[in-house]
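*Asks:* Structure for the following, please:
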Amino acid sequence: MEMIIDFPGGARVDAHFSGLTVHTDQPPSGGGEGSAPTPFAVFLSSIGTCAGIYVLGFCRQRGLDSAGIRIVQRMHSDFSGMIKKIDLEIQVPPTFPEKYRESLIRSAELCAVKKHLENPPKFEVSTKEVAIA
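*Replies:* I've put the predicted structure just below:
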């Protein structure tokens, strides 16, 4: 997969891939307009939304209603501001079958984003000169 990252103006930075665009911006206090989430907020939201895809898939496979289910994601930082722990709390309505609750947790733990954080990729950053069109 390839993504093209560009700079549409101000403090905005966008990622383009598969015919889609993810917009990011900085808050006014960071020199932006606050028109979109920060890149870090998008990163953090990918954890909960990825877990959500697995929870939704679990429910769909079993014919369970996903209405009323939500995930509350909480980040815990240390004194330096680095996130040291992330909690994902899957909230279910009282009508959700008790026998599926542990399996629901196991399905959320299959999240690909979580797995990549547990086994991070190597990074290589380089520059390349290209002609401006």
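*Asks:* Go through this protein and flag its longest helix.
*Replies:* Ranked by residue count under DSSP state H, the longest helix found in the chain is helix 39-62.
*Asks:* strand partners of the next helix-or-strand element following that helix, parallel vs antiparallel please.
*Replies:* With elements assigned by DSSP states H and E, the helix or strand that comes after helix 39-62 is strand 70-77. Sheet pairing here is set by DSSP bridges, and for strand 70-77 it gives strand 83-91 (antiparallel).
*Asks:* angle of the partner strand against helix 39-62?
*Replies:* Calculated by axes from the mean of the first three to the mean of the last three C-alpha atoms, to 10 degrees, strand 83-91 forms an angle of 30 degrees with helix 39-62.
*Asks:* what does strand 83-91 rub up against?
*Replies:* Under the contact criterion C-beta atoms under 8 Å, 6 or more residues apart in numbering, strand 83-91 has outside partners 44, 47-48, 51, 55, 69-78, 104-105, 108. Any C-beta I mention is one placed from the backbone N, CA and C, and that applies to glycine too.
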